[in-house]
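In: This is the structure alone, sequence omitted:
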């Protein structure tokens, strides 16, 4: 435990980085994958299981939590950690991304964004200041600045306008955050798929000396090579000694390739959402348990896995549970998927420590390509 | 462990009985509550959790499993125990009750019942012989005879016809079961709400010397006093040294009152189904977590409970999860409910051992009546 928020870079292998974020609520080993706990729960998992798989931190969604149960209510219940029985670090997003993707009747101006809840139509305002206040009420350890994320493809003008607005909101978010010992605020690099705008954003934010930097506005439908090119464009302009968080990413291959480009932190709904839809991530690629070919298959997903869900239950049983709409099917596949993601992260960390990241990546990809016969 | 199926009556307190069923797969402490694992899963629970709560046996539904994934398939996967990762005893019903409540286009005659699957319309035949064959393919430790259960209210003629058919099917089921060391077949007393028909059924079945006796056709909508009167009518005509199973029962109060009348075994979907619908059973009665009064309540359901779900999570959080439709809400409330049911059974067993069942029942009812303030 630490009484302040610090990031230590421990080793590199090529551009890949091994590090550790120390916080009063515990350490975060990087590269780190953060399971998504949208509404105060990593769906279909008990919090103790999430921890046991090796997750040091989970993500909460400000948009969802401000609408239900409400930030002030979470605070009165002792904060998000206590409410959801997760005493380890929590990162919250700013709410901005989900306002743009989920809310109704959005109106955005310099001040902030006004919107109607997708749940009950109630009217809300999210400004940089209110976003920081909400994240503080939630008790978040890593808080994100409010930003504007434009959908790609978009015109250079739209991307630039949103990037510049996000810079001004970074300053306002930072000021509103103030000084909170042991907690951190991360800035978000924007600029779409335009290299010079990405560099302008990164350079300006680096000058503000945030405790950490996120790359936002990627993994929104563009090809992986575009995403990786943007990361490679941005990385040299970010401080080496600060954590780098790629928001909303991604597939196991995205994680591997982004770590190779120097990313330290990730979050994504993919393992949990896929688990609720019958899809398993394994060492040998994806397995769609809905497929009838599994109906008589007595093999577990991976008998060599340390995860009980992965090594204990037959594919035939998982197929049966998925076809029958049984909650246990979602529970077991989510468990398997988060186990695979955390095992992949642990493998990457060990490979960086041994300075053999490229070999590890090649071996991992060879396993995926071998496929699940 | 035992290599044969035996029932030992260990103590009584009034009519309430403390016993133990020994089977090769483990012992069943009675009075026992069997969680229902309809389609090969106790919904929203890992099997290890069900065991840890004190369940010695679970129930599987022949109707559901014969249709999906199919009895022959379960057998080829090593049986139901292995498929669902539950190495302890399993009781299966005959399938008859669910054919009458769920299937389409039922046609019943002396031979058996022909019906269409509610899943895909496929045509199936269930006879006493096929029901025993299916239960054998599943690997069930306690198998139930096929019977006909009439809905109440019904005419004496209908009740008598179904009771007599059930007696003939008991003989055929018994013959089809044959001798299976370590496994048992239970007969089912029918006769609706007509005392002399109940006595006729119990007497005839007792004469066939089954390893255990169920009371069927109750808890189908009749008042509790009618149900208890039928149990009191039947009990003196059943062999003392055989276990008595009241099918499909019930509320905590039903369990308490039925044990008082000499019942040893129960199954019911109530704790699991209620848990998926926001309802918690506690020492102090039922708590409907959907109710807005819980939105700001930081108290757990029962801080003195040994169950993690019950003592750890606030009512406010449970309310939030239920309102948000989160799977974790169903997981935690099912866990709480099965924990409460098993705690109640353990309390009854201890009270019988100490010959203070009546006091225990009075204390338990006083707690329920105190209510959850």
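Out: Received it, and whenever you're ready, just let me know what you need. Bear in mind the structure is a predicted one, so any value in this text is a computation, not a measurement.

In: Could you give me the buried positions within the lengthiest helix in chain A?
Out: In chain A, taking DSSP state H as the definition, the longest helix is helix A:327-353. The neighbour-count check on helix A:327-353 (16 or more other CB atoms under 10 Å in any protein chain shown) flags A:327-345, A:347-349, A:351-352 as buried. No exception for glycine: its C-beta is placed from N, CA and C like everyone else's.

In: Contacting chain B as well, which ones from these?
Out: Among those, proximity to chain B is found for A:327-328, A:330-331 (CB under 8 Å from any CB of the partner chain).

In: May I see those residues arranged in TSV, with pLDDT as well?
Out: Shown next, in TSV, are these (pLDDT from 0 to 100):
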residue	pLDDT
A:327	98
A:328	98
A:330	98
A:331	98
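
In: closest to residue B:153 among the residues you listed?
Out: residue A:327 (36.1 Å; CB to CB).

In: wait, doesn't the closest one sit right on residue B:331?
Out: Yes: between residue A:327 and residue B:331 there is a contact under CB atoms under 8 Å: 7.4 Å.

In: hey, what's in contact with both of these two?
Out: A:44, B:44 (CB atoms under 8 Å, 6 or more residues apart in numbering or on different chains).

In: ok, now which ones touch the closest residue to residue A:238 other than its chain neighbours?
Out: Distances taken as CB to CB, 6 or more residues apart in numbering or on different chains put residue A:213 closest to residue A:238, at 5.0 Å, once the chain neighbours are dropped. With contact set as CB under 8 Å, 6+ apart, residue A:213 has these partners: A:186-189, A:202, A:205-206, A:238-239, A:242-245.

In: Please tabulate those in JSON lines, including the columns distance to residue A:286, secondary structure and neighbour count.
Out: Below are these laid out as JSON lines (distance: CB to CB, whole Å; DSSP: H, G, I helix; E, B strand; the rest coil; neighbours: other CB atoms under 10 Å in any protein chain shown):
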{"residue": "A:186", "distance to residue A:286": "31", "secondary structure": "strand", "neighbour count": "26"}
{"residue": "A:187", "distance to residue A:286": "34", "secondary structure": "strand", "neighbour count": "30"}
{"residue": "A:188", "distance to residue A:286": "30", "secondary structure": "strand", "neighbour count": "29"}
{"residue": "A:189", "distance to residue A:286": "30", "secondary structure": "strand", "neighbour count": "36"}
{"residue": "A:202", "distance to residue A:286": "33", "secondary structure": "helix", "neighbour count": "23"}
{"residue": "A:205", "distance to residue A:286": "36", "secondary structure": "helix", "neighbour count": "27"}
{"residue": "A:206", "distance to residue A:286": "37", "secondary structure": "helix", "neighbour count": "17"}
{"residue": "A:238", "distance to residue A:286": "32", "secondary structure": "coil", "neighbour count": "22"}
{"residue": "A:239", "distance to residue A:286": "36", "secondary structure": "coil", "neighbour count": "17"}
{"residue": "A:242", "distance to residue A:286": "34", "secondary structure": "coil", "neighbour count": "20"}
{"residue": "A:243", "distance to residue A:286": "29", "secondary structure": "coil", "neighbour count": "28"}
{"residue": "A:244", "distance to residue A:286": "27", "secondary structure": "strand", "neighbour count": "27"}
{"residue": "A:245", "distance to residue A:286": "25", "secondary structure": "strand", "neighbour count": "25"}
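
In: Going by distance to chain B, which of those wins?
Out: Proximity of the contacts of residue A:213 to chain B (CB to the nearest CB) peaks at residue A:245, which lies at 25.6 Å.

In: Over to the residue nearest to residue A:238: give its phi and psi.
Out: As for residue A:213, its main-chain torsions (degrees, to the nearest 10) stand at phi -130, psi 130.

In: Show me what the spatially closest residue to residue A:216 that is not a sequence neighbour bridges to in the sheet.
Out: Leaving out its chain neighbours, the residue that sits closest to residue A:216 by CB to CB, 6+ apart is residue A:188, at 4.1 Å. In this entry, residue A:188 is beta-bridged to residue A:214, by DSSP bridges.

In: ok, residue A:355 - how many residues close by?
Out: 14 (other CB atoms under 10 Å in any protein chain shown).

In: If you could redo that for residue A:109, that was the one I meant.
Out: 8.

In: which bits of the stretch 51-200 of chain A sit near chain B?
Out: A:68-69, A:73, A:76-78, A:83-85.

In: let's go with 6 Å and repeat that
Out: A:69, A:77, A:83, A:85 (CB under 6 Å from any CB of the partner chain).

In: and the residue lying closest to the last one once chain neighbours are set aside, what pLDDT?
Out: Using CB to CB, 6+ apart and skipping residues adjacent in sequence, the residue nearest residue A:85 is residue A:47, 4.9 Å away. Each residue has a pLDDT score; the one for residue A:47 is 98.

In: thought residue A:47 was touching residue A:86?
Out: Yes: counting by CB atoms under 6 Å, residue A:47 does reach residue A:86; the two are 4.6 Å apart.

In: What helix or strand is the closest residue to chain B within the stretch 101-250 of chain A located in?
Out: Residue of the stretch 101-250 of chain A nearest chain B, by CB to the nearest CB: residue A:119 (9.1 Å). Assigned by DSSP states H and E, residue A:119 belongs to no helix or strand.

In: residue contacts, it?
Out: residue A:67 (CB atoms under 6 Å, 6 or more residues apart in numbering or on different chains).

In: Now do it, the pLDDT please.
Out: Reported pLDDT for residue A:119: 93.

In: Please report how far it lies from residue A:276.
Out: Noted for residue A:119: a distance of 20 Å to residue A:276, by CB to CB, to the nearest Å.

In: try residue A:146
Out: 29 Å.

In: Equivalent analysis for residue A:329, please.
Out: 9 Å.

In: Same question for residue A:52.
Out: 20 Å.

In: Compare the two and say which is more crowded by neighbours.
Out: residue A:276 (19 against 14).

In: What ranges does the stretch 51-200 of chain A have for its strands?
Out: A:58-60, A:90-92, A:104-108, A:113-116, A:123-126, A:142-144, A:184-189 (DSSP state E, counting those that start in this stretch).
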